[in-house]
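*Asks:* What follows is a predicted protein model with its sequence.
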Amino acid sequence: MKEVSRHTLLSHLLLLSGLAATLCTASANAALDRLGDFALLDDSGEFHQLSRYRHRKALALMAYDASCADMDSKVTSYAELGKRFEEQGIDFVLLDSLDLGRSAAQALDLPLPLLEDDGQLVSETLGIAHAGEVLVMNPERLSVYYRGDSSESLAVALTEVVAGTLADTVSVSIKGCDIDYSVKNQHMKSPPDYATEVAPIVINNCLDCHVQGGVGPFAIDSYIMLLGWSPMIREVLLNKRMPPMQIDPYVGHTDSARGVSKQDLQTLIHWIDAGAPQGEFELDPLEEHAVKASRWVLGEPDYIVQGPAHAIPSTGVLDYYYNNVDLPFTEDKWVRAVQYRAGDTSVLHHLITFVTGPEEDFWGTERDSTSTSRRFVAGYIPGKDNVYEYPDGVGVLIPAGQRLSMQFHYVTNGQSTVDQTELGLYFSDEPLQQEQRVQAVGTRFVLPPDTPEFPMSASHLFDEDVVITGLRARMNFRGKKMRFEVESPDGAIQNLLSVPAYNYGWQPHYLLNEPVRVSAGSTVHVIGALDNSVSNPTNPDPSLEIKFGLNSWEEMFTGYFTYHPALD
């Protein structure tokens, strides 16, 4: 019995020892304070997301308030520290915790990028209390190395980050100007009302896709569903995954880009932070919301193009589908308007249609030319009526004997289905004055491996007066950003649109609220970059050298300018 007891005791000791070791290991791994991912534009329109700094060792961020007496000296010493550690893998930025806005931020002429914290939501989430407060963050593990002032303690912590020896979050007390979160404080005292304030925001911004039968991965069709998904909703709002199709709101104007105002973001996020209170209501607005029935908005089309029947599996990631659709027309047709009707809205993610010749495929003359004019019909995006009426006197010409070439992008949703999308064509009785076309402006290149920012640019000279009505950015998995601008003959530059956070999964055709007239002799430019690094969340393999190509496993950089000749 004594021998058994000794063995039992030894077993217990070994078990406890192993448990202690496990707890120590877990403690060491979890010693750095955790934080959520976030994304912001800076005062020059560049996109910054914490998780997209994974190719760097750390990101340092200082809260900025120009009204603080010693702010200038703090920024100067902080920027000098940034110069010391930049080559060692640490980037330095400032954070506009007061929400100054683009114009005021640019007027400051600061030595570092100033991230625009619209609505102060990131500052609140990071727990920043004082101007001059610094956070040094681990982009790989979304954690905090250092929180405190910009004193020598910061330099010591940065040195340890570079050496890989900092295992616990360093916290240093800080004094300085308090950051006032008046909107949050008000919302915490009196949370927004679900039925009258929160639900309308969700209906206006989310329910195009997040409904039963919609392309969103889940339906937000009741208070209970919104409550259940609220942590994820908060996360994707702060890291700008949703709403999709992010553009720089300070460059150009287009209602076709989805976006949520900072006031609505504050209402929604503060309501979630307050515990998502249900409040009182007789009818749940989300349950009462009626999904729009598919209909021909402009009446029965003159001709309905039946797209091919695509069998969509229940799971998996699908590459693009390309199909040519023959047309029976024996004479030229002028199209004045079109509408898409998806066969299954839950899987059709986007669709692009061109007019092509009998010997061409979807890519047409783009296969052999870096700058070419093509006949573009329209694009489909989820959740909208997808009705496009061209400007008066303008239309798409379909010459006799030509056909449509279509590119389909599908997502899976756990159920196999078949999609057969229709395209309704509305003809003009008479030939129209001007033809809508698209100028594809691209370039050829070889993208080296492990490159977080590979600069790209391409240009085209217009030899006639034109009116630009829309823009579209096209890259593949390694696309990063694209800006569209026009340079007049006298050298003046006008920025048309900027897509600072390109997403291969979303390729909308942005219709400009105010078309832009471009005089003959003007040059349009597309300027941007590709990201072939570990920091790109869509990158299949950053170790590969990628050549130009039109297939999804290759890479391209093409900007599309939808235009028509100027009407005199």
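*Replies:* Arrived safely, thanks for sending.
*Asks:* Buried residues of stretch 369-378, list them for me.
*Replies:* Judged by neighbour count (16 or more other Cβ atoms under 10 Å), stretch 369-378 contains these buried residues: 370-378. For glycine as for every other residue, the C-beta is placed from the backbone atoms N, C-alpha and C.
*Asks:* would JSON lines of those with secondary structure, distance to A31 and pLDDT be doable?
*Replies:* Below are the buried residues of stretch 369-378 laid out as JSON lines (DSSP: H, G, I helix; E, B strand; the rest coil; distance: Cβ to Cβ, whole Å; pLDDT from 0 to 100):
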{"residue": "T370", "secondary structure": "coil", "distance to A31": "52", "pLDDT": "97"}
{"residue": "S371", "secondary structure": "strand", "distance to A31": "55", "pLDDT": "97"}
{"residue": "T372", "secondary structure": "strand", "distance to A31": "57", "pLDDT": "98"}
{"residue": "S373", "secondary structure": "strand", "distance to A31": "59", "pLDDT": "98"}
{"residue": "R374", "secondary structure": "strand", "distance to A31": "57", "pLDDT": "98"}
{"residue": "R375", "secondary structure": "strand", "distance to A31": "60", "pLDDT": "98"}
{"residue": "F376", "secondary structure": "strand", "distance to A31": "55", "pLDDT": "97"}
{"residue": "V377", "secondary structure": "strand", "distance to A31": "57", "pLDDT": "98"}
{"residue": "A378", "secondary structure": "strand", "distance to A31": "54", "pLDDT": "96"}
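*Asks:* show me where the stretch 201-350 of the chain has helices.
*Replies:* 223-238, 262-273, 285-288 (DSSP state H, counting those that start in this stretch).
*Asks:* What are the buried residues along the second one?
*Replies:* Buried positions in helix 262-273, judged by neighbour count with 16+ other Cβ under 10 Å: 262, 264-273.
*Asks:* now the first one
*Replies:* For helix 223-238, the buried set under the neighbour-count rule, 16+ other Cβ under 10 Å, comprises 223, 225-226, 229-230, 233-234, 237-238.
*Asks:* just those now: which is nearest Y145?
*Replies:* L238 (20.3 Å; Cβ to Cβ).
*Asks:* what stretches of this structure score poorly on pLDDT?
*Replies:* 1-30 (pLDDT under 70).
*Asks:* tell me the contacts of the residue nearest to the spatial centre of the chain?
*Replies:* For the chain, the residue nearest the mean C-alpha position is Q246 (4.3 Å; Cα atoms, centre = their mean). Q246 makes contacts with 47, 240, 257, 259, 499-501, 503, as judged by Cβ atoms under 8 Å, 6 or more residues apart in numbering.
*Asks:* and with 7 Å instead?
*Replies:* 240, 501 (Cβ atoms under 7 Å, 6 or more residues apart in numbering).
*Asks:* Equivalent analysis for L348, please.
*Replies:* Taking Cβ under 7 Å, 6+ apart, one finds 215, 342, 380, 410, 419, 421 in contact with L348.
*Asks:* burial measure for the fourth one, as a count.
*Replies:* By that I understand Y410. 24 (other Cβ atoms under 10 Å).
*Asks:* swap in the last one?
*Replies:* With neighbours defined by other Cβ under 10 Å, the count for T421 comes to 22.
*Asks:* what's the closest non-adjacent residue to it?
*Replies:* Counting by Cβ to Cβ, 6 or more residues apart in numbering, the nearest residue to T421 once its immediate chain neighbours are dropped is G307, at 4.3 Å.
*Asks:* From the chain's centre, how far out is stretch 416-427? Work that out for me.
*Replies:* Taking Cα atoms, centre = their mean, to the nearest Å, one finds stretch 416-427 lying 27 Å from the centre of the chain it belongs to.
*Asks:* tell me the domain boundaries of this structure?
*Replies:* 33-180, 183-288, 293-435, 436-568 (automatic domain parsing).
*Asks:* out of the contacts of L348, which are inside strands?
*Replies:* The strands, defined by DSSP state E, take in 380, 410, 419 from those.
*Asks:* For H525, state which of those is nearest.
*Replies:* After measuring these against H525 - Cβ to Cβ - the closest member comes out as Y380, at 27.8 Å.
*Asks:* Could you verify my assumption that V198 touches P192?
*Replies:* Yes - here V198 reaches P192: they are 5.6 Å apart, a contact under Cβ atoms under 7 Å.
*Asks:* intersection of neighbour lists for these two?
*Replies:* By Cβ under 7 Å, 6+ apart, the residues touching both V198 and P192 are 267, 271.
*Asks:* Between those two, tell me which one has more neighbours.
*Replies:* Neighbours were counted for V198 and for P192 using other Cβ under 10 Å; V198 has more, 26 against 22.
*Asks:* mind listing the helices in the chain by residue range?
*Replies:* For the chain, helices defined by DSSP state H occupy the ranges 2-29, 71-86, 102-107, 121-126, 152-163, 182-189, 199-205, 223-238, 262-273, 285-288.
*Asks:* Pick the most buried one from those helices.
*Replies:* Of all the helices of the chain, helix 121-126 has the most neighbours on average by mean count of other Cβ atoms under 10 Å, namely a mean of 21.
*Asks:* before we move on, back to that, put together CSV for the contacts of L348, with distance to P358 on each row.
*Replies:* Shown next, in CSV, are the contacts of L348 (distance: Cβ to Cβ, whole Å):
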residue, distance to P358
V215, 33
A342, 28
Y380, 24
Y410, 27
D419, 26
T421, 23
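*Asks:* if we take those residues, which one ends up nearest to S77?
*Replies:* For the contacts of L348, the nearest to S77 is V215 (49.8 Å; Cβ to Cβ).
*Asks:* In contact with V305, which residues?
*Replies:* So V305 contacts 325, 404, 422-423, 425 (Cβ under 7 Å, 6+ apart).
*Asks:* Would you mind checking these for buried ones?
*Replies:* By 16+ other Cβ under 10 Å, these give 404, 422-423, 425 as buried.
*Asks:* Endpoints of stretch 215-223, how far apart?
*Replies:* 20 Å (Cα to Cα, to the nearest Å).
*Asks:* mind checking how far that stretch is from the chain centre?
*Replies:* For stretch 215-223, the distance to the chain centre is 20 Å (Cα atoms, centre = their mean).
*Asks:* List the contacts of it.
*Replies:* 194, 202, 206-207, 209-212, 225-226, 229, 278, 284, 286-287, 345-349, 382, 411, 413.
*Asks:* List the buried residues in it.
*Replies:* Result for stretch 215-223 [16+ other Cβ under 10 Å]: buried residues 215-216, 219-223.
*Asks:* quick one: which of those residues is nearest to D178?
*Replies:* Y223 (35.6 Å).
*Asks:* sorry, back to before: got the buried residues of stretch 215-223 as a markdown table, with distance to P508 columns?
*Replies:* As requested, the buried residues of stretch 215-223 are exported to a markdown table (distance: Cβ to Cβ, whole Å):
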| residue | distance to P508 |
| --- | --- |
| V215 | 13 |
| G216 | 16 |
| A219 | 22 |
| I220 | 22 |
| D221 | 25 |
| S222 | 29 |
| Y223 | 31 |
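*Asks:* which ones are touching P399?
*Replies:* D332.
*Asks:* At which residues are the strands of the stretch 351-500 of the chain located?
*Replies:* For the stretch 351-500 of the chain, the strands defined by DSSP state E, counting those that start in this stretch cover 371-380, 387-389, 394-398, 403-410, 417-419, 422-427, 434-435, 437-442, 446-447, 451-461, 466-475, 479-487, 493-499.
*Asks:* and the first one, C-alpha only, in PDB?
*Replies:* Looking back up the chat, that one is strand 371-380. Taking C-alpha atoms only, strand 371-380 is exported to PDB below (Å, rounded to 0.1, in the frame of the first residue of the first chain):
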ATOM      1  CA  SER A 371      -4.800  51.300 -73.400                       C
ATOM      2  CA  THR A 372      -7.900  50.500 -75.300                       C
ATOM      3  CA  SER A 373     -11.500  51.700 -75.700                       C
ATOM      4  CA  ARG A 374     -14.300  49.100 -75.400                       C
ATOM      5  CA  ARG A 375     -18.100  48.800 -75.300                       C
ATOM      6  CA  PHE A 376     -19.100  48.400 -71.700                       C
ATOM      7  CA  VAL A 377     -22.700  47.700 -70.800                       C
ATOM      8  CA  ALA A 378     -22.900  47.700 -67.000                       C
ATOM      9  CA  GLY A 379     -22.000  45.900 -63.800                       C
ATOM     10  CA  TYR A 380     -24.100  44.100 -61.200                       C
END
